[in-house]
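> what follows is a predicted protein model with its sequence.
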Amino acid sequence: MAQPSTPSGGTLSVFGSAGPSTSSNQLVPSRTPSSATSSNNTFLMPNSPIKGRVNSDGYRPLVTRTLGQRPACLVNASVTFCGNNQIYAFGGFDQYTDEVYNHVLRLDMVSHQWTLVDNYGDIPGVRMGHTATLYQGDKLLIFGGENEHRAYLSDLIIFDLKTAHWTQPAVTGPIPKGRARHAAVLHEDKLFIVGGITGHDNYVLDDICYLDLKTFTWSRAWKFVGRFDHSVYLWNDRVWVFGGLSEDMDKIGDIWWLDLKGSPAFDSPPQFGSLDRNSPLSRTTGSSRPQYATAPSPPVVGSSGYAANSSSAQVNPQSFQIRMSPPIAPGAISSLKFVSGPNVPAQGSGMHFHVYTSGTLLDFVTPAATITPQECSLSSLDLDTLRWQKLAEGRDIFQEGYRWHYCTMNEDGTKAWLLGCPTDLTTTDLGPGGFEEYLSDIMEIDLRRYGILGNTITPEPRAETSRPTSTLVQPSKGLGADLAKLFDVSPEMDSGADFIITALKDGDWENSDLLGSGILHNDEQNAQQWLSPDASTSPPIYVHKLILQARWPHFARLYNAQMAEFHTKKMHIPEPYSVVRAFLYFLYTDSIHPEDCPELNDVAGLLVMSNIYNIPHLRLLCVNRLSKELDVEHACIIWLCAGVASEDWLRRRAASFCLMHWGRIVRTRGFLKLPRQAIVELSQEIDMEGRVVGGEHYASSDEELDLSYLRTIY
């Protein structure tokens, strides 16, 4: 039976356990483009990249050489961005000296200087394969790892970034198995731990548990998914797990998620006391549930019996090799496997780094011995739609001659850094004899250049499928949204509005041959050509000048200068009515969500307005949404408006999409409305070495129609 295709064109399969998954059932696979399935169709392939090609907008992440006490390229260390332009590295294994470290190093991102940090207190023992999680902005939570004896640790140590002081809090509850190469994520004062490897034979753990950081109480462990060297993220009340290695040591390209919403086990603190491993469990009369003693816990030990902060002391070496399968985690567990597709990054080749921001998984495929820079990429997976898209080709983001070892991201989710070193060490000042690798270079990637919003947004609330929609009361989206409902209510009806905005009638605009809003602002001759003096205007939009003054700098300047708008209390914006209305709604609510602005044509017009009026946040919202929802019907207007707004990355992305689906693009209404010069520019977006690929019939009737149509235009 044929597999359905993903929204990105790849093949998918869905698995479920521990209850039904509404998310999996709501997936609607898109139809595979006919150009990709029929040999009779002709389509353009933007292949054979030009050597040394650089982004047309000039943006390429810069590589900077660091100074000071540069650390070696340690294996399985932790590298964490901790705010204040500082990155901290801790622990790791040196492959050249066979040593494991517990050093703390700090990289100042302003001076690019590495410094060995003097640290105090209950200094942890050496370790690798641990996790380091930033907590409350000034603390690093170090959990687990593997020490120099290859013992797996299960301790939690806290490093205070302000005082450089280590503390090891007393914890209660069932301490999880010692482990390394696991994943950790923080959510609502809970530190979730997922997977890892443990035991004398390095078996893979498939559990999830959490530490309540208010009480320092461990929850019990539940069965989830067996992984190590993976990544974990919490978004929209779900724990997401991606990548890593399976029990069979295979690189995994599927994503798993566990629904936490509505589960008392995750919503409330764990109901466990501390477990005294040296005494039998006590039971209360009339209760069949074991109650744990509240005596102080013994020293925290790893799975091989070594104390966490000691290199030699051995305690309680027995009983920790028993493999007990925990109960399945409460809540729905689902998974999605991406088999193939033009936008799906293959996890089996290259060095991958996974980070998360604003409900999006970013996959950096970096250069390695088995992959060239041209085969590398930056891709994103939207966790709400489970759709992959490629944000940048390798040649546009990676410079040749570097190998990257670690990736970290700022707390806003707007910048990422790759840390690594040159591949040719003999030509640098690194290491004695030029053979040892150091974390000597850092590459900063501004993710906003690729339409990434960052972590300032919050997920949209998920609909409750168990309750009838007719009984749901829609909550208010805030005062701005409530006031926006008065756009059509005149002041005479006590709306409180004190200003009028008019625009072009949508009908007049659509009937013109000029496609794409904002062009009138950039070419006065075009404005006179396409707008006659008696051009009709839209119905009035009644607004509140206080909101416009506070949210729209251009309006504030006009009003403060007492221009004509100040006296008439009216303003005409020569843009389509629907675009202007969406723009005003953004000023009131800071939103262009599909519920508020459903039409992509309007979003493309908003992108141009964001450039005209210099509103960076609106620009970012538009680029993010247009790149995610790019489709055949709207690709041409997105390409045109991106060019008008000088959004070169989005323009290139839309152009590539147009050329890949050319046979369908030329039949869209947007293409038919393109000015002649725009069609010429669009056709020249293809690489110099691009070619038309035909099937068994090199000129079908559809293709002849395309060619005859182009001949008519020219």
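Structure's in. What do you need?
> got the contact list for Val204?
Counting by Cβ atoms under 8 Å, 6 or more residues apart in numbering, Val204 makes contact with Gly195, Gly196, Ile197, Gly226, Arg227, Phe228, Leu245, Ser246, Glu247. Yep, even glycine has a C-beta here, placed from its N, CA and C like the rest.
> out of these, flag the one nearest to Thr385.
Arg227 (23.3 Å; Cβ to Cβ).
> per-residue confidence for the closest one?
Per-residue confidence (pLDDT) for Arg227: 95.
> that one and Asp590: what is the separation?
37 Å (Cβ to Cβ, to the nearest Å).
> ranges for the helices of the stretch 201-350 of the chain?
Per DSSP state H, counting those that start in this stretch, the stretch 201-350 of the chain carries helices over the ranges 264-267.
> residue ranges with poor pLDDT in it?
272-324 (pLDDT under 70).
> residue ranges of the strands in it, please?
Assigned by DSSP state E, counting those that start in this stretch, the strands in the stretch 201-350 of the chain fall at 203-204, 207-212, 217-218, 222-223, 231-235, 238-242, 254-259, 333-338.
> given the first one, what are its sheet partners and their directions?
Partner strands for strand 203-204, per DSSP bridges, with pairing direction: strand 197-198 (antiparallel).
> what of the last one?
Sheet partners assigned to strand 333-338 using DSSP bridges are listed as strand 12-17 (antiparallel), strand 254-259 (antiparallel).
> just the second one next, same as before
For strand 207-212, the paired strands and their directions (DSSP bridges) read strand 190-194 (antiparallel), strand 217-218 (antiparallel), strand 222-223 (antiparallel).
> show me what the first one is in contact with.
With Cβ under 8 Å, 6+ apart as the contact definition, strand 190-194 has outside contacts at 131, 133, 135, 141, 143-144, 156, 176, 179, 182-186, 207-213, 224-225, 227, 230, 232, 234, 239, 241, 266.
> ok, of those, which come out buried?
131, 133, 141, 143-144, 156, 176, 179, 182-186, 207-213, 224-225, 227, 230, 232, 234, 239, 241, 266 (16 or more other Cβ atoms under 10 Å).
> which residues touch the closest residue to Val104 other than its chain neighbours?
Nearest non-adjacent residue to Val104, counting by Cβ to Cβ, 6 or more residues apart in numbering: Val117, 4.2 Å away. Counting by Cβ under 8 Å, 6+ apart, Val117 makes contact with Tyr88, Val104, Leu105, Arg106, Ala164.
> picking up where we left off before, please identify which of the strands paired with strand 207-212 is closest to Gly341.
Short answer: strand 190-194, nearest of these by Cβ to Cβ, at 26.4 Å.
> what about the residue lying closest to His112 once chain neighbours are set aside, distance to Asp631?
Nearest non-adjacent residue to His112, counting by Cβ to Cβ, 6+ apart: Thr66, 4.8 Å away. Between Thr66 and Asp631 the computed distance is 43 Å (Cβ to Cβ).
> please identify which of the two sits among more neighbours.
Ranked by neighbour count (other Cβ atoms under 10 Å), Thr66 and Asp631 place Thr66 first, with 21 against 12.
> so that one touches Leu107, yeah?
Yes: counting by Cβ atoms under 8 Å, Leu107 is a contact partner of Thr66 at 6.5 Å.
> tell me the spacing between Ile541 and Leu621.
20 Å.
> coming back round to it: got a quick ChimeraX command for the buried subset of the contacts of Val117?
Burial among the contacts of Val117 is assessed by 16+ other Cβ under 10 Å; the matching ChimeraX selection reads:
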select :88,104,105,106
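> quick check, nearest of the contacts of Val117 to Gln347?
Closest to Gln347, out of all of those and judged by Cβ to Cβ, is Tyr88, at 28.1 Å.
> what is the distance between the helix or strand harbouring that closest one and the centre of its chain?
Element membership of Tyr88, judged by DSSP states H and E, is strand 86-90. Taking Cα atoms, centre = their mean, to the nearest Å, one finds strand 86-90 lying 22 Å from the centre of the chain it belongs to.
> what strands line up against that strand, and which way round?
Its sheet considered, strand 86-90 pairs with strand 78-81 (antiparallel), strand 104-108 (antiparallel) by DSSP bridges.
> hmm, back to that, out of the strands paired with strand 207-212, deepest packed?
Stretch with highest mean neighbour count among the strands paired with strand 207-212: strand 190-194 (a mean of 24; mean count of other Cβ atoms under 10 Å).
> now that strand against strand 238-242, angle please.
40 degrees (axes from the mean of the first three to the mean of the last three Cα atoms, to 10 degrees).
> just want the angle from strand 190-194 to strand 231-235.
Relative orientation of strand 190-194 and strand 231-235, computed by the same axes, to 10 degrees: 140 degrees.
> only alpha carbons, please: show strand 190-194 as PDB.
The C-alpha coordinates for strand 190-194 follow below in PDB (Å, rounded to 0.1, in the frame of the first residue of the first chain):
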ATOM      1  CA  LYS A 190      10.400  21.000  36.400                       C
ATOM      2  CA  LEU A 191      13.600  19.500  35.000                       C
ATOM      3  CA  PHE A 192      12.600  16.700  32.600                       C
ATOM      4  CA  ILE A 193      15.100  14.000  31.900                       C
ATOM      5  CA  VAL A 194      14.700  11.700  28.800                       C
END
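> I'd like to know how many residues surround Thr97.
Thr97 is flanked by 10 other residues according to other Cβ under 10 Å.
> much appreciated, bye for now.
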